[in-house]
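Visitor: sequence and computational prediction follow.
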Amino acid sequence: MTGLPLAGFLALSAVLLGIGIFGILTRRNFILLLIAIEVAMNSAILNFVVFGAYWGGVPGYGIEGQSVAVVLIGLAATEVAVGLAIVLALNRLRGSINVAEATVLKL
Amino acid sequence: MSGPLNALFPWAFLVPLAPAIAFVIVGLFGRRMRRLEWGGWVAVGGAFVAMVLGVLIAVGEMLSPGTYTDRSFNWFTLPGNGTGTFPNGFSLVMGTLVDPLSAIMLIVVTVVGFLVMLYSVDYMHRDTGLPRYYAELSLFLASMLGLVLADNLLQFFLFWELVGVCSYFLIGFYYQRPAAASAAKEAFLVTRVGDVLFLGGIYIYFQQFATAGPGLGWAAAGFPFVFHGAPFLTLLHPPNPTLFTLAGLLILGGAAGKSAQFPLDVWLPDAMEGPTTVSALIHAATMVAAGVYLLAVTSVFIGFSATDSFAIVAIGGFTTFWAASMAMVNRDIKRVIAYSTVSQLGYMVLAIGAGFTMVGLYHLFTHAFFKALLFLAAGAVIHAVDTQDLFKMGGLRKTLRITSIGFLIGGLSLAGIPPLAGFFSKDDVLSSVYTAAQTHPMYWPFFVLAFATVFMTAYYIFRVWFLTFSGDRPRDPTLPPAHEAPWTMTVPILILSGLAILAGALVFVPQIGGLFTAGVGFPATPGVPPTYTTTDILLSVVSVGLGAGGILTAYVLWGNGRVFSLAEDSAAQPIRRLLLERYYVKTAVDWFGLRVVYAVSRFLDFVDEYIIDGTVHGFERLFSELSIRLRRLQSGVVLDYAAYVVVGLAVFLVFLYVIVPAIPALGGG
Amino acid sequence: MLPILSLTLATLFVGTVITFFSGPRARYVAAGVSAAFLVEIAVMFLQFSWPAVAVAPTHFAESESYPWIQVAWLHVNYTVGIDGISLVLILLTGILQAVTVAYSWTERREPGAWFGLVLLTCLGCFGVFVALDVLLFFVFWEVVLIPMFFLIGFWGGPRRRYAALKFFIYTHVASVTMLVALLVTAFYSHSPSLDFASLAGSASALAVPTQIVLFLSLFFGFGVKFPIVPFHTWLPDAHVEAPTGGSVLLAGLLLKLGGYGLIRWGLEILPTGLAHVQWILYAVAFASIVWGAGVSLAQRDLKRLVAFSSINHMGIVLLAIALYSSLGLLAAVLLMFAHGIVSALLFMVSGSVHHTFGSRDLASVGGITPTAPALSTMTMTGALASLGLPALISFPAEFTALLATWDKLGYWVLIPLLTLVVTAAFYIWMMQRLLFGQPKGIPAGAHDLPYAEAFAMGVLVVLTVLYGILPNLLVHFIQLSPVAGLP
Amino acid sequence: MTALAWTVFVPELFLLGAALLIFLLDSLGILRDRRVELFGGLATVAIVVALVGVLADLRFAPLASLATVPAGVVNAPWTLLGGSLVAVTSFGLVFQAIFLTSALLVSLASLSHPSDQKGAAIFFGLLLIATLGMTLAAFSADLIFLLLSIEITGISTYLLVGYTRRDPRGLEAAMKMYIIGALSAALSFFGASLLFSVYGTTSLATLGGPILYNTHFPPPLLGATSIALLGYGFLVVGIGFKVTVVPFHAWAVDVYDGAPSDVSAFLAGGSKKVGLFGYFLVFLVPILLSGRAPPGLPPIPVGFHVLIVHFGLPLQVVFGVMAVVTMTVGNVLALQQTEMKRMLAYSSISQAGYMLIGLAVATSPAVAGAVLLIFAHIFMKAGAFIVVGAVAGLGVGSRITDWKGVGLRFPFLGASFAVMLLSLAGIPLTVGFVAKFVLFSAAVQAQGWFVWLAVAGLLNSALSVFYYARVLRVMYMEKGEAVVVPIPAGAVAGGSDPPLLGVGGIGYGRAAAIGVAVAIIFAFGVYPQPVLASFQMAVNHLLQVL
Amino acid sequence: MILEVLAFFVLAITAAVTALAALLVRELVHTIIWVAAFFVSLAGFYFLVSAPFLGALQLGVYAGAVTILLLFGVMVTRKRIFAHEAATGLGPAPVALALLIVVVLATAASTISSSTNQVYGFTISALSTALFNQYGAWLLLLGLVMLPALAGAIYLVREGRE
């Protein structure tokens, strides 16, 4: 296959990362934060997949990127699970999953 | 150059050592002795040994005049390394020096010292703190003798400071009296000013001689040549005339401090807060003469500079008049004598400045005896009536017969009435200035002042005599009944009376006179004849006349128990006030000390605490403030923390993508 | 030869440790250690003077060196050695340790810690005087800080915590500056090791501007300990709040570290640097001299007065060092020794005044002589010695210092010379207020010095007189050092 | 080859096995009353065994016979094992020893938890797995391998922080750490993806070196370099989270404060170091190799070209600035801190700043100095947190002012804490000083602008004295008894610290841990030659390999 | 070719819009839907660049498992969601920061030459061979990540018997 703009993919992943960062900076709901982080993570995965595909043109290269992507997808899912465990424990204790309210520890 | 007593010269160090041992004994064990007077006898013993030995050595010097040095005590050695100002290093050596000058001083100091010590035994017996007194007095005597026998200027300075500190302690002997403590402080500080100047002078000599020539390494020579420059003068070519002039002025400053010359004279009258014995010994006969002695021993160099000579003449001449004028109005018996001392010291300085070093010494010699006599007599009076106020006394002639006669002899001697000692020496002083003024016209004013002072001297001392002894009874009836002093006090008075009569004539004994003429053998400044000149008859007559006139005036005004008081509206009243207030110098000094020096130091303290230390605190506050502000960033909201991460990221990205490529040095471009 | 230096270090170290754990009996241990220390110092003196002919004046006698940290780029040795300068200052250390132990013989609050810390301070000072390696030197240099911090902070006066912190931080900043400068010297000159000798050998290869900057940094580092104006403000606070023993060690020993450091690690290593900035040192020295004297005059607190007078005296030391002449250096070392003895005496006096009369305020306590004649005598001796009275210990030193100044600087000598009058003024005034006049502020039951204090001060008085009369006892040793090699 | 692959991992297998055994035994529910002794003992033994194994691999004389790695493999250039992802270097082994030491200290101290503590299994299990992650990271030859290993530690530590689960402070801390950690992970992987896009591989040996490109994929010069640089920028941020460099530090303060003291000890003493190790591994190559074509360049395929890139100076500047900012901000913020643990946290941040100097200077001496400081930091900081836990367990409040008189009331704890603080402040005769001395000496030795890093570091350590000395002041010089907060039965004191038992109320394990820390602080403070020499050797090997 | 470019742009816009929408909508349940759509659009990319295995994985893990997990989280914590989420504001600073990063990255990306747009797919067998041999260590590590996550997450969430 041909014709896909390399720079375009890179720019797209940048935009996705930006959206993720934007979400992390502005959302207070823990679950939305998880989503924002996932968006950012996915921008990295997208890069790995896409550049894996491009580097495939060089013998011996490329497959590494897609292998990383596989691992990262698993990793991201694990992270979400851990995050959810924390949010549930927190919710049980505080009755809220608004991260901006958890400020016992400060200064 | 060798006489029968010369064998004693190597043992000269025992002269100061004897009172020093007395000092140690009294100082350590004085308070444990069963009777406190025993300490006094120990001190008297020390002084006696010193006197015997000192007089014997002086006699030895008379019999075979010459310079004997013994420099065996290595105080301080720095080996040389071939470079710098002192390529051969230098040694500061301590030793003893016996020569005509020190012989004269030995006699004065040991004799007066012994007599005063003896006098003290009864005079002081009522006081507490006797061990302290005797220890300090012995230490003083030891230091003074050390100074007299000093072999070099540094050693001289060392003992010079020690006598100063003894003087300090003895002035403040009655330390619980604020006035005494204050007077002691004043004496120390004012003389300290002089001492510091003196030290500066020493430095100049030290360095100048070190660089003068290859043969003058300090290690080899020490510096007796400052004293006995004769062999070295040929090498000198005064290396740096400016420095030498300056050194002379500095030495003069030191001498002025110790000898209470204008403008450092303010402390001596106040020093009368100490016991009278102390005044007699330290503040009349010996320590205050050390300044004159200093000028005498350094006159070789000072004489090189006309500026220095003039400065000495000016200060001496002015001081004679200045102090005598204040003596004329004072009501305190000791203070009058103290002013008189200042004035007489002025004469000595004047003579040295005029180039007649030995004339100054001569006057020092006679003055020591008659002034000590006056003080001891005054002490006997005070001892008898327990006051120092002349206006309360009167009629003591009857009860204090020996004392009154002693005082009279002292007064006549001071007034320069022949044939008493004072007449000869004062006459010599006047004629030496007269001689010098022939070639140095600018000496004339000081000659005139000195001459006028003769009249004033006679007046004030007889004012004292009349107020004290003449009349029928004390003017203040509350005074205790007076009685003559015990033998320990009268004997010294009698001996000193004898000396006050004879000391002047003694120089006509060839051996004794030899000391004075031998001393004059120093080559001095070209232009000032170094020889001792005989008295000009006319001058003598006029001065005796002035003295007699002074006595007469005193009799007219104060004789037979009369008290002269100046009319309230008299034109002389402001002058009297000015003299009583000591020309306001004391006020000015106090003002300077308290208002200027202390204020400046308070200001410095303020700057130290609030500005310098304040800056340090400022740093502390800066960091604290910074810390408190920055802590607010730690808001506890995790989103803020995420924001810091992102800001950091953005900064890095901008740096790496925008800034790095723009700066070739960073590997971009 | 006997490794006497390491042996002494070991003695002090073991003694310190034992003292720490011996509680109420600590004073006996401390006294024993002090005695052993003095004996070892005596051995050092003997070894120094016995084969006097064999000791080349500019070299270190008694050197020991063992490898300590050795990696390819960093060679640090345990190197110790002494020359005449160190020897005299070690003697001072021994004396002050002994008298401090004696003075605080009756210390009741945590005696184990007290005596242990006192010994530790002296251990640090001894180490500084013998260390001939940058790291070793710095280690001992800093070791001194800790015990002093605790001495001030635990046993001190009402504002002790503030003073202790200020002392600690202020001097630590300076130490750190000094360390950087020494490291830069070593590494920029490619010195083969951090030993003094190799530093001294290679530093001259540095560019002159570098040497200047380095010397100034060292000057700051050592100067704060001096202390130099305007970096002196830790000193009055530390002194006023420190317990007497602490003040004694602080003034007697710690200030000497600055002088010693500047001589050994500044002057000897970077003479070229010094030569270019001599005028700065002069200016600072003059400022310290004048400032210390001027501010002393305004003090009402006896201890603060003595503290500021230390600034004045150490200013003269700095001046003498800056002259970079044989005479000046000799004077500096002599004056350091003198100041060590005299200021220790004066701080003991203030301590005794404080706990005998409950106050050190010169305006509220006065006329103590009838109550405490012995204390009064000690005060007088101390004050007179400090103002430079001949026949007492300071005079030979000050005389030589000013002579050297005159020799090098000419009329500038007037500044320190005239300041002598001010020095005399504040001491005399202090004596007048404290000792003389009508008794006031004397609490009932006030008594003269206890034996322990009288003994300690008596020893110092004797030394003051002894060395005042026989300065050659010190000079003879001091000149077995670089002193002899300078112009 | 295959046999080797397994033997290399023997220490790690012990850790893993112990962790699994703990989970198994916990689910079986045996020895309920002696849980801590059982699990803690297991964990401690496993860590000790692993440590012995690592030391043996490092060929420490008495243990060399136990080595599981053939001598020829260690330090052979990027020895390949099961692909190109893993390498055994003595640098890595040194770090493994460091990680294991910190874990040992923490597990030893944790033996003093009450015997029937509920979370014991999860605590020790997670501790082991976190340690395992760190030791695995030390084997990395590949960026993704490194990041994944760090992620193991990360996930374990998030959960460790919250393991008390009923304590709102601990959970809040866990939540904060998780959010920042997950963000950082995403950023790291994004950076890795950028690097991959340029290099086509994630092998650390290739990254940072010359860029290969062919006619199929010719990245223009500027573009490739920029993207690679940006990728490194992301990695700086992503790994910086673990290192707690400013401005990625803010979580650490809250987390160290909120977490149980033993966990804080582990975070500061252990998991922070894996971040630093990551920094060294990832950045030393580009800093040192950029602009140079290494002699061991793999054969270039036909049609390929080589683009030499310059990362060195920009990255050094980044790290230099970061080092100075980190130490300064950490110290300044600590100045006014009132909570003991937060003060320690800030101090830990500033220490990270010092360690970064080694990276900015990037010479072998500097890296060795940084490693020495990392080593020293275990005993100082983990030790300090353990003491804080012990003191809290004795009922003293968590504010610095609550510690009045602690030095006199608890002489052992007080003196130990004082020693640790002095070591942190860089006072001689402590290992903290020696480390700083070596590090700053190395910076000076490198000359140039690195000297200013040394100056900044030293001035900062002088600044830090202020707050350390303040604690000493409170402990020894303030009047008044230490504030004692009564501990409700069965509850936790000081927020999240479990109460303790044993000697003097602090427990044998804790006392041992503290004693060991103090002993090491002094021992290597006086004679650092053994550790310094071996660190220097390891660093030299690493840099030779590069 | 045009088609592919077109597909790229459509998918890119979809991905960006769905991601934004997921973060911006107020109703959390809607968010989950948007997220699912976002994951799916990414899967689309993977198919586009000839990585069908990854596309499938994306659909399975993300669009399936993760979405369900998130939904589960929303359900469990539901009662407080609406009230608080409404309060979230959109400050200019976060937007600016995010935009800055995007701009830097995007300009850097634009410097990459697009002269070669070729993508190469890998067969699933090649991928799995590589994954389990050459890069097997990653999978092991992934397993080790999951171990503490599993143990810890269960411990945390479990209502203890304590």
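Guide: Nice, I can see it. Residues are numbered from 1 along each chain as shown, chains lettered A, B, ... in the order given.
Visitor: just the element for the residue of the stretch 501-650 of chain B found nearest chain A, please.
Guide: Going by CB to the nearest CB, chain A is nearest to B:Gly636 of the stretch 501-650 of chain B, at 2.6 Å. (Each C-beta comes from the backbone N, C-alpha and C, glycine too.) Assigned by DSSP states H and E, B:Gly636 belongs to no helix or strand.
Visitor: what about the closest residue to it other than its chain neighbours, which SS state?
Guide: Leaving aside its chain neighbours, B:Gly636 sits nearest to A:Lys106 (2.6 Å; criterion: CB to CB, 6 or more residues apart in numbering or on different chains). With DSSP: H, G, I helix; E, B strand; the rest coil as the basis, A:Lys106 sits in coil.
Visitor: ok, A:Lys106 - contacts?
Guide: Counting by CB atoms under 8 Å, 6 or more residues apart in numbering or on different chains, A:Lys106 makes contact with B:634-637, D:254.
Visitor: now it: how far from B:Arg632?
Guide: Here the criterion is CB to CB, to the nearest Å. By it, A:Lys106 lies 10 Å from B:Arg632.
Visitor: what's the closest non-adjacent residue to the residue of the stretch 201-350 of chain D found nearest chain C?
Guide: Closest residue of the stretch 201-350 of chain D to chain C, CB to the nearest CB: D:Leu335 (11.2 Å). Residue nearest to D:Leu335 in three dimensions, not counting chain neighbours: B:Ser627, with 4.1 Å by CB to CB, 6+ apart.
Visitor: how about the helix or strand encompassing that neighbour: buried residues?
Guide: Here B:Ser627 sits within helix B:613-631, counting by DSSP H and E. Neighbour counts using 16 or more other CB atoms under 10 Å in any protein chain shown place B:613, B:616, B:623, B:626-627, B:631 of helix B:613-631 among the buried residues.
Visitor: right, and C:Leu165 touches D:Ala469 too?
Guide: Yes - when contacts are counted by CB atoms under 8 Å, C:Leu165 is listed as touching D:Ala469 (5.4 Å).
Visitor: and residue 35, how many residues sit next to it?
Guide: No chain was given, so I picked chain A. A:Ile35 has 28 neighbouring residues, counting by other CB atoms under 10 Å in any protein chain shown.
Visitor: wait, I meant chain E there
Guide: E:Val35 - counted by other CB under 10 Å - has 27 other residues nearby.
Visitor: so it touches E:Leu70, yeah?
Guide: Yes - counting by CB under 8 Å, E:Val35 touches E:Leu70, with 6.6 Å between them.
Visitor: between those two, what contacts are shared?
Guide: Residues touching both E:Val35 and E:Leu70 (CB under 8 Å, 6+ apart) are A:Ile35.
Visitor: what's the burial count for B:Arg632?
Guide: B:Arg632 is flanked by 9 other residues according to other CB under 10 Å.
Visitor: chain center to stretch C:185-197: distance?
Guide: Relative to the chain's own centre, stretch C:185-197 is displaced by 27 Å; criterion: CA atoms, centre = their mean, to the nearest Å.
Visitor: buried ones in it?
Guide: C:185-189, C:191, C:193-197.
Visitor: same question for stretch D:308-321.
Guide: Neighbour-count burial for stretch D:308-321 [16+ other CB under 10 Å]: D:309-321.
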